[in-house]
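Student: The sequence and its predicted three-dimensional model are supplied below.
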Amino acid sequence: MLPHPLRGASVALLILILSACGGTGGTGSAPTPTDPAGNVSDTLSPQGVASPVTLTLGQPTQLTVTVGGRAPAPGQLVWTTSNAAVATVTQTGLVTPVGSGNATVRAALSSNAAAFIDFPLTVRAAAPAPTPAPTPAPGTGFAQQVLDLVNAARAQGRTCGATAYAAAPALTLNAQLGQAAQDHAADMAAQNYFSHTSKDGRTAGQRIAAAGYAYRTWGENIAAGQVTAAQVMDGWLKSEGHCKNIMNAGFRELGVGYATSTSGPYWVQDFGTR
């Protein structure tokens with residue numbers, strides 16, 4: 001509904017343009033009506049509607065309105081909301097989304113409620129935070145990759161050096177062998193060495209036994225520098241001794257270790273049978 005004309009010579013007319021610029025952009029205004037002579041009309045019509053604004057639940061946004069190209073004086077504007085269950089607003093134009101839905105925030109002149117600008121708001125719930133993937137133990141992902149490649153190699157006969165091997169049964173991962181392999185890979189990475197014998201003098205068999213694996217037979221392959229499981233397996237299969245461990249039909253279980261350091265990745269395979 002349009003306001004009634006202002007009457008009386010003692011009333012001072014305000015020459016207004018309300019323009020909106022929120023944190024998410026969008027401006028809107030309507031010119032103050034004028035007569036053919038260019039004089040300001042004594043009837044102020046609604047000033048306009050800003051571009052729709054989409055807000056995220058719980059993330060306040062400051063809306064800014066200028067009056068005649070200037071910041072409004074304290075108390076010059078009255079801020080209201082059409083739906084306080086969706087968005088609240090302070091008298092400085094700070095909008096706080098409190099519920100999903102739609103609302104309209106209005107900034108009107110305190111001296112003339114018919115001069116205003118509306119901000120259509122849509123409030124959406126924040127996207128749910130992605131569920132973090134469980135953090136695998138060091139080398140866990142690589143362990144499965146290496147196991148798959150080992151079993152693919154064992155599924156067909158091959159020659160390691162001068163020795164021909166028939167296809168061998170698939171291996172399964174063993175946690176104790178995996179612990180022994182991982183500890184050795186991490187130790188080599190931390191102390192920057194490359195050997196089947198630990199810095200403390202232990203052999204692979206001793207490390208495997210210390211991890212609680214009561215073996216009847218064991219074997220170990222180590223490597224350093226390869227970036228992927230495919231690269232390290234390719235290198236092992238091209239090396240006679242490593243290839244023999246991989247193709248040994250007497251082994252039933254496997255543990256895989258992987259660790260990195262400034263000197264590069266370290267890989268360990270511990271084979272065993274109980």
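Tutor: Noted; the coordinates are in hand. Note that this is a predicted model, so its numbers are computed, not measured. Residues are numbered from 1 along each chain as shown.
Student: Run through the residues that contact G58.
Tutor: G58 sits next to 96-98, 126 when contact means Cβ atoms under 8 Å, 6 or more residues apart in numbering. No exception for glycine: its C-beta is placed from N, CA and C like everyone else's.
Student: Is it inside a helix or a strand, and which specific one?
Tutor: Using DSSP states H and E, G58 sits in no helix or strand.
Student: how many neighbours does G212 have?
Tutor: Per other Cβ atoms under 10 Å, the neighbour tally for G212 reads 11.
Student: Next, give phi and psi for it.
Tutor: phi 100, psi 10 (degrees, to the nearest 10).
Student: In three-state terms, how would the closest residue to it other than its chain neighbours be classified?
Tutor: Leaving aside its sequence neighbours, G212 sits nearest to Q176 (Cβ to Cβ, 6 or more residues apart in numbering; 4.9 Å). Using DSSP: H, G, I helix; E, B strand; the rest coil, the structure places Q176 in helix.
Student: hang on, the earlier thing: I'd like the contacts of G58 written out as TSV, with neighbour count and distance to Q76 added.
Tutor: As requested, the contacts of G58 are exported to TSV (neighbours: other Cβ atoms under 10 Å; distance: Cβ to Cβ, whole Å):
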residue	neighbour count	distance to Q76
T96	16	22
P97	24	25
V98	17	26
A126	10	34
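Student: mind listing which of those residues are in strands?
Tutor: Counting by DSSP state E, the part of these found in strands is 96-97.
Student: Closest one to T56 out of the contacts of G58, please.
Tutor: A126 (5.2 Å; Cβ to Cβ).
Student: Now stretch 223-239: buried residues?
Tutor: Buried residues in stretch 223-239, counted by 16 or more other Cβ atoms under 10 Å: 223-224, 226, 229, 232-233, 236-237.
Student: Taking those residues, tell me the two that lie furthest apart.
Tutor: Those two in these that are separated most widely, counting by Cβ to Cβ, are A224 and L237, at 16.7 Å.
Student: so how far is the first residue of stretch 259-270 from its last?
Tutor: Taking Cα to Cα, to the nearest Å, stretch 259-270 runs 15 Å from one end to the other.
Student: just stretch 204-221 next, same as before
Tutor: 10 Å.
Student: And that stretch, how far out from the chain middle?
Tutor: 40 Å (Cα atoms, centre = their mean, to the nearest Å).
Student: Break the chain into its domains for me.
Tutor: 43-124, 140-273 (the TED database).
Student: could you pull out the strands for the stretch 51-200 of the chain?
Tutor: Assigned by DSSP state E, counting those that start in this stretch, the stretch 51-200 of the chain shows strands spanning 53-56, 61-62, 65-67, 77-81, 87-89, 94-97, 101-109, 112-124, 158-160, 163-165, 172-173.
Student: Report the contact partners of Y165.
Tutor: Contact partners of Y165, counting by Cβ under 8 Å, 6+ apart, are 157-159, 244, 247-249.
Student: Please convert the domains of the chain to JSON lines, extending it with mean pLDDT.
Tutor: Compiled in JSON lines, the domains of the chain are given as follows (pLDDT from 0 to 100):
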{"stretch": "domain 43-124", "mean pLDDT": "86"}
{"stretch": "domain 140-273", "mean pLDDT": "95"}
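Student: Could I have the CA atoms of stretch 222-234 written out in CSV?
Tutor: What follows is stretch 222-234, C-alpha atoms only, in CSV (Å, rounded to 0.1, in the frame of the first residue of the first chain):
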residue,chain,number,x,y,z
ILE,A,222,63.5,-55.6,1.6
ALA,A,223,63.7,-52.7,-0.9
ALA,A,224,64.2,-48.9,-0.8
GLY,A,225,63.4,-46.1,-3.2
GLN,A,226,60.4,-47.4,-5.1
VAL,A,227,57.4,-45.2,-4.9
THR,A,228,54.6,-47.7,-5.6
ALA,A,229,53.7,-51.2,-4.7
ALA,A,230,53.8,-52.1,-8.4
GLN,A,231,57.3,-50.7,-8.8
VAL,A,232,58.7,-52.6,-5.8
MET,A,233,57.1,-55.9,-6.8
ASP,A,234,58.5,-55.5,-10.3
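Student: Give me the residues contacting that stretch.
Tutor: 142, 145-146, 149-150, 153, 184-185, 188, 194-196, 235-236, 242, 263-269.
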